[in-house]
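[1] sequence first, then the predicted structure, then my questions.
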Amino acid sequence: MLQRPGPDEFAPFYQGYIEKVPAGDVLEHLRRQGERTSALLAAIPEAKGLFAYAPGKWTVKRLVQHLVDGERLFCYRAMCIARGEQGSLPGFDENAYADQDGSDARPLAQIAAEYAAVRAATLTLYAGMTDAVSQRRGTANGKSVSVRALLWMTAGHELHHLTILRERYGIG
């Protein structure tokens with residue numbers, strides 16, 4: 001899993017996410033990333049949780065819940081493909097999910113705890129996989145994807161949204 005996935009292992013949409021991830025041990029990167037993100041989330045005051053940088057944009061809470069939902073989805077897809085799923089896994093509409101996630105009514109600390117739990121589960125799932133399993137491919141949202149690519153996409157997706165938190169929300 002240390003080798004960056006090739007462009008034939010994921011849909012072109014995810015190229016930008018994968019390119020954001022530094023070379024090296026992606027599991028170690030995810031572990032350290034989780035620690036840094038958890039510390040960042042713990043430092044955000046609850047009052048800032050409902051802040052959106054522009055009308056119609058997600059609140060801080062929704063963005064963090066989107067990180068959680070996205071990671072959970074990528075991990076689910078990876079588990080299914082790793083276990084030999086042959087059927088096509090569904091896509092998801094991130095805005096429709098955000099509209100239904102209930103995050104704005106939850107304490108930010110609760111969403112941060114969910115983030116930490118999901119990250120721990122992601123690391124545990126991937127730690128039990130061999131390199132051969134990480135190269136298995138399946139179909140998600142009508143596109144071919146490898147288990148390894150889903151791991152790198154998870155890391156890059158978070159890096160993308162942490163940049164948004166820093167640049168647009170003034171957090172971090």
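    Right, received. Where do you want to start?

[2] can you give me the end-to-end distance of stretch 95-107?
    This stretch, stretch 95-107, spans 20 Å end to end (Cα to Cα, to the nearest Å).

[3] what mean pLDDT does it have?
    Averaged across stretch 95-107, pLDDT comes to 97.

[4] what residue is smack in the middle of the chain?
    Of all residues in the chain, the one closest to the mean position by Cα atoms, centre = their mean is E71, 3.3 Å from it.

[5] contacting residues for A11?
    141, 143-145 (Cβ atoms under 8 Å, 6 or more residues apart in numbering). Where you see a C-beta, it was placed from the backbone N, CA and C, and this is true even at glycine.

[6] pull out the buried residues from these.
    Buried members of the contacts of A11, counted by 16 or more other Cβ atoms under 10 Å: V145.

[7] between the contacts of A11, which is closest to E9?
    Distance to E9 across these (Cβ to Cβ) is lowest for V145, with 6.6 Å.

[8] and the contacts of the strand or helix carrying the closest one?
    V145 belongs to strand 143-146 when assigned by DSSP states H and E. Contacts with strand 143-146, where a contact means Cβ under 8 Å, 6+ apart, come from 5, 8-11, 77, 81, 134-139.

[9] mind listing what's buried along the next helix or strand after that strand?
    Going down the chain from strand 143-146, the next helix or strand is helix 147-169, by DSSP H and E. Residues of helix 147-169 classed as buried by neighbour count (16+ other Cβ under 10 Å): 147-159, 161-162, 165, 169.
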